[in-house]
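Undergrad: build me a model from this:
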Amino acid sequence: MRKAHSGQRKRVVILGATGSIGESALKVAGDIPERMEIIGLAANSNAEKLAAAANETRAPFVCLLNETKIDILRRALEYKPRIFSGDAGLHEITCLTAVDMVLVAIVGTGGLRPALTAIEAGKDLAVASKEILVMAGEIVMQKARDNGVHVLPVDSEHNAIFQILESARGLVAPKDRGAEAAPTFQSSDIRRIMLTASGGPFRETPRKDFDSITPEQALKHPTWNMGPKITIDSATLFNKGLEMIEAHWLFNVEMKRVEVVIHPQSIVHSMVEFTDGSTLAQLSYSNMCFPIQYAVTWPDRVPNTLPPLDFSKLSKLEFFTPRYEDFPALNLARRAGETGGTLPAVMNAANEIAVAAFLDRQTRFPEIWHVVEEVMNRHAAIAHPNLDAILQADQWARNEAQGCVKSLRELQRQTR
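TA: All right, here's what the predicted structure looks like:
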């Protein structure tokens, strides 16, 4: 297993550089330049924003997936980096010899193949895209072990759990020794992993009012500033359902030991209860720069300009049981994770289609859950699938979900 060196300056490629995680990563790099150097930036189609990030960092490598906008990118750049384009370019930029770590922050399923490419090239992986482990957690973690690389969580909840577990028993290997791709702890020591959730904008909204929820209302998250897809997932609690499956693979614990608790203040980012009854928590203000920095500087903790908690100003920390009946995403995710195989990929794909339909005003808010459950019910899961089987299940689920959306729209027209 490759060693994790203390004090090492990480040379990082950011996939999804123009999104909210990419923006936070740029801030981290600017805050700790002695520990983080951005040498590659990749984005889907926002050429102007990618150029602005490149001009700021002077990254020597830049990639834009949308090849029709390469000329726009070139004109906006104030220097001459090496430019990659398309899917082939995305894979190339992850494999460059100069790269130490690839931060995957691509929305949806698009980050899976480049993540596997990075692992196979021997690059450490910082994972912000939940879909990678939801769809193919078994494959990703096994490939990480086979290639001797680290998979480090960037989600605030999973980064919190990672910090808790390594602190609980000195689980990070001493700095002159190697460290495992997954945390080197005994999962039997864990009684429960408790993922905290803000509850989203509708935490107290009566179920009878769900049909009238608009995309504008659902996009107003009470705590975090995120992209539209993940914000809707936070409103439905599918975001937390995806995180349950992600935690299952990252920390090698059964789904039955992964729980969710509503915590509106979003100060406690997750908790771990151990077999002796002790519970440890990780706390910080709601700022994605915290987990991004720790993923990059691990196994070290490095000073920065981020604000520390002022406990004198914290009026309360509340915790509630989720409303499982009103927000069925958690039970659907538990079912998908316990069944395993291709079912998590199917759940994830159906949810992506349902969320897009809701944002496009083609479905009502509670119909997101209906579409996902309907597609899951139609699927015959394949155990221990290879990547091709996972991608086939993903595409099948998208087609099925689109059919469900079409049926719902037709039903709405008939009942008007």
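
Undergrad: my guess is residue 10 contacts residue 36, does it?
TA: Yes - between residue 10 and residue 36 a contact is recorded at 5.5 Å, counting by Cβ atoms under 8 Å. To be clear about C-beta, it is placed using only N, CA and C from the backbone, and glycine gets the same treatment.

Undergrad: mind listing the shared neighbours of those two?
TA: Common contact partners of residue 10 and residue 36 (Cβ atoms under 8 Å, 6 or more residues apart in numbering): 296-297.

Undergrad: now do stretch 214-230: distance from first to last residue.
TA: 16 Å (Cα to Cα, to the nearest Å).

Undergrad: apart from its chain neighbours, what residue comes closest to residue 159?
TA: Residue nearest to residue 159 in three dimensions, not counting chain neighbours: residue 291, with 3.5 Å by Cβ to Cβ, 6 or more residues apart in numbering.

Undergrad: sec struct for residue 126, please.
TA: strand (DSSP: H, G, I helix; E, B strand; the rest coil).

Undergrad: hang on, isn't it packed against residue 102?
TA: Yes - the pair residue 126 / residue 102 is scored as a contact, 7.1 Å apart, by Cβ under 8 Å.

Undergrad: joint contacts of these two?
TA: Counting by Cβ under 8 Å, 6+ apart, the residues touching both residue 126 and residue 102 are residue 12.

Undergrad: which residues of the chain fall in strands?
TA: Counting by DSSP state E, residue ranges of the strands within the chain are 10-15, 36-43, 61-64, 82-85, 101-104, 124-127, 151-153, 190-197, 258-262, 268-274, 279-283.

Undergrad: adjacent strands (with direction) for the third one?
TA: Looking back up the chat, that one is strand 61-64. Sheet pairing for strand 61-64, assigned by DSSP bridges, gives strand 36-43 (parallel), strand 82-85 (parallel).

Undergrad: show me the one of those that comes nearest residue 372.
TA: strand 36-43 (28.4 Å; Cβ to Cβ).

Undergrad: just checking, residue 67 touches residue 86?
TA: Yes - taking contacts as Cβ under 8 Å, residue 67 lies within contact range of residue 86: 5.1 Å.

Undergrad: neighbours around residue 347, how many?
TA: Residues within reach of residue 347, counting by other Cβ atoms under 10 Å, total 29.

Undergrad: dump the residue contacts of it.
TA: Going by Cβ under 8 Å, 6+ apart, the list of residues near residue 347 reads 134, 241, 332-333, 336, 372, 375-376, 397.

Undergrad: which helices and strands sit right next to the longest helix that the chain contains?
TA: Counting by DSSP state H, the longest helix found in the chain is helix 387-415. The contact analysis (3 or more Cβ pairs under 8 Å, 6 or more residues apart in numbering; DSSP states H and E) places helix 387-415 against helix 130-147, helix 343-359, helix 367-378.

Undergrad: tell me which of the ones you listed sits most buried.
TA: The highest average neighbour count among the helices and strands packed on helix 387-415, using mean count of other Cβ atoms under 10 Å, belongs to helix 343-359 at a mean of 26.

Undergrad: ok, back up a step: to residue 30, which of the strands of the chain lies closest?
TA: So among the strands of the chain, strand 36-43 is nearest, using Cβ to Cβ, at 8.9 Å.

Undergrad: and the closest residue to residue 367 other than its chain neighbours, what pLDDT?
TA: Among residues not flanking residue 367 along the chain, residue 408 sits closest, at 5.7 Å (Cβ to Cβ, 6+ apart). Residue 408 is assigned 90 on the pLDDT scale.

Undergrad: burial count for residue 408?
TA: Using other Cβ under 10 Å, residue 408 is surrounded by 19 other residues.

Undergrad: let me see the contact set for it.
TA: Each residue near residue 408 by Cβ under 8 Å, 6+ apart is listed here: 362-363, 367, 370-371.

Undergrad: where does pLDDT dip in the stretch 51-200 of the chain?
TA: 169-186 (pLDDT under 70).

Undergrad: nearest to residue 275, of the helices and strands packed on helix 387-415?
TA: Across the helices and strands packed on helix 387-415, closest to residue 275 is helix 130-147 (Cβ to Cβ), at 23.3 Å.

Undergrad: which other helices and strands contact the closest one?
TA: helix 112-120, strand 124-127, strand 151-153, helix 238-250, helix 343-359, helix 387-415.

Undergrad: now the angle from that helix to helix 238-250?
TA: Between helix 130-147 and helix 238-250, the angle comes out at 10 degrees (axes from the mean of the first three to the mean of the last three Cα atoms, to 10 degrees).

Undergrad: off-centre distance for helix 130-147?
TA: 13 Å (Cα atoms, centre = their mean, to the nearest Å).

Undergrad: contacts only, for the closest residue to residue 279 other than its chain neighbours.
TA: Nearest residue to residue 279, sequence neighbours excluded (Cβ to Cβ, 6+ apart): residue 273, at 4.5 Å. Listed by Cβ under 8 Å, 6+ apart, the contact set of residue 273 reads 190-194, 279.

Undergrad: drop anything exposed from those.
TA: Listed as buried from the contacts of residue 273 are 190-194; burial here means 16 or more other Cβ atoms under 10 Å.

Undergrad: tell me how far the nearest residue to residue 92 once chain neighbours are set aside lies from residue 58.
TA: Distances taken as Cβ to Cβ, 6+ apart put residue 84 closest to residue 92, at 5.3 Å, once the chain neighbours are dropped. Using Cβ to Cβ, to the nearest Å, we find residue 84 at a distance of 17 Å from residue 58.

Undergrad: number of residues surrounding residue 202?
TA: For residue 202, the count of nearby residues is 22 (other Cβ under 10 Å).

Undergrad: and residue 59, how far from residue 114?
TA: For residue 59, the distance to residue 114 (Cβ to Cβ) stands at 17 Å.

Undergrad: should've said residue 190
TA: From residue 190 across to residue 114, the span is 31 Å (Cβ to Cβ).

Undergrad: from residue 211, how far out is the residue lying closest to residue 21 once chain neighbours are set aside?
TA: Leaving aside its chain neighbours, residue 21 sits nearest to residue 105 (3.7 Å; criterion: Cβ to Cβ, 6+ apart). From residue 105 over to residue 211 the distance is 33 Å, taken as Cβ to Cβ.
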